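Novice: give the three-dimensional model of this entry:
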Amino acid sequence: SFQIQYAMEARMYHLAAFLIIASTFFFLRALETKSWKWWLLYALSLGASLYTHYFTAFWIICQGIYFICQIFKDSKFKINFWLKNQNFQLGIAAYLLAFISYLPWLGTFLKQTSQVEQDYWIPAINFSSVPNTLLNMTWGNTVDPIKSWYILAILVATILAAVCFFLKKYERKEKWLVVLSFILPFLAAGTLSFKRSIYIDRYFIFGLPFYLIILAEAILLVRNARL
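Specialist: Modelled structure (predicted):
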């Protein structure tokens, strides 16, 4: 229902979510194949994502962190290996191309950023913001954090258990990208919002696919037939 609600509004949210999914797919294919074609598609999807919504930058950062970690893991911290590594060269080129494609809008972005002040039109973040967002992503609704605190507590505990179970049982290394793409945007947006409020539920629709992947895979990994 969280997806359906904003699909009915015909705004940019689902386009941005699609582009995040596409960029993740192109990114993983590029790492696997070391093909410039996939890296080019990745660069184009990054530029399109940033033009669609500023918040997509958080998911691009997640991909960048994963990219750096993979290069470090393969190179064992040898700088000469980085310079000769095809994925490193193509990956850096892809990020540069995405940045260059965004330059025409950079001035507008900086101008808009300077206009936004604390409590501009987005409510200040509080202790129930993230749990209520998770509830909205799960159930399509929010609750009063004072009267229904136990619902939020059970939900958060269940999600943390699912994430831990997913990381423990799922064997492919891409699990780290999925978890990072779910958790890091909450941490980043929440941290930035203490200075300037940017936290809104609907912006996290971009991370909903990763949340659903974690829950679905955690269920599929349960080996107890009765459960």
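Novice: can we go C-alpha only for contacts and neighbour counts from here?
Specialist: OK.
Novice: longest helix anywhere in this protein?
Specialist: helix 86-115 (DSSP state H).
Novice: chain center to that helix: distance?
Specialist: Distance of helix 86-115 from its chain centroid, counting by Cα atoms, centre = their mean, to the nearest Å, is 18 Å.
Novice: begin at 144 from here
Specialist: Taking 144 as the first residue, the last one we looked at is helix 229-258.
Novice: I'd like the average pLDDT over the helix or strand following it.
Specialist: Next helix or strand after helix 229-258 toward the C-terminus (DSSP states H and E): helix 272-282. Per-residue pLDDT over helix 272-282 has a mean of 93.
Novice: give me the helices and strands touching helix 272-282, please.
Specialist: helix 145-151, helix 292-312 (3 or more Cα pairs under 8 Å, 6 or more residues apart in numbering; DSSP states H and E).
Novice: what's in contact with the shortest one?
Specialist: Put plainly, it is helix 145-151. 156-157, 279-284, 345, 348 (Cα atoms under 8 Å, 6 or more residues apart in numbering).
Novice: which parts of it are buried?
Specialist: 145-146 (16 or more other Cα atoms under 10 Å).
Novice: stretch 299-308 now?
Specialist: Buried-residue list, stretch 299-308, by 16+ other Cα under 10 Å: 299, 305-306, 308.
Novice: from those residues, pick the one nearest residue 367.
Specialist: If you rank the buried residues of stretch 299-308 by distance to residue 367 using Cα to Cα, residue 308 comes first, at 13.8 Å.
Novice: correct me, but the closest one touches residue 361?
Specialist: Yes. At 6.4 Å, residue 308 counts as touching residue 361 under the criterion of Cα atoms under 8 Å.
Novice: coming back round to it: next, the buried residues of the longest helix of the chain.
Specialist: Buried, per 16+ other Cα under 10 Å, within helix 229-258: 230-231, 233-238, 240-242, 244-245.
Novice: follow-up on the earlier one: figure out which of the helices and strands packed on helix 272-282 is closest to residue 206.
Specialist: Closest among these, using Cα to Cα: helix 292-312, at 17.6 Å.
Novice: contacts for the closest one, please.
Specialist: 274-275, 277-278, 288, 318-319, 322, 357-358, 360-361, 364.
Novice: for ChimeraX, what selects the buried ones among those?
Specialist: Buried residues within the contacts of helix 292-312, by 16+ other Cα under 10 Å, are selected in ChimeraX with:
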select :274,275,277,278,288,318,322,357,358,360,361
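Novice: same list (the contacts of helix 292-312) but as a markdown table, adding distance to residue 169.
Specialist: Compiled in a markdown table, these are given as follows (distance: Cα to Cα, whole Å):
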| residue | distance to residue 169 |
| --- | --- |
| 274 | 31 |
| 275 | 32 |
| 277 | 27 |
| 278 | 30 |
| 288 | 39 |
| 318 | 16 |
| 319 | 17 |
| 322 | 18 |
| 357 | 20 |
| 358 | 23 |
| 360 | 21 |
| 361 | 24 |
| 364 | 26 |
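Novice: helix or strand for the closest residue to residue 323 other than its chain neighbours, which one?
Specialist: Closest residue in space to residue 323, ignoring its immediate chain neighbours: residue 205 at 6.1 Å, by Cα to Cα, 6 or more residues apart in numbering. Secondary structure assignment for residue 205, by DSSP H and E: helix 199-218.
Novice: same question, residue 325
Specialist: Per DSSP H and E: helix 318-336 holds residue 325.
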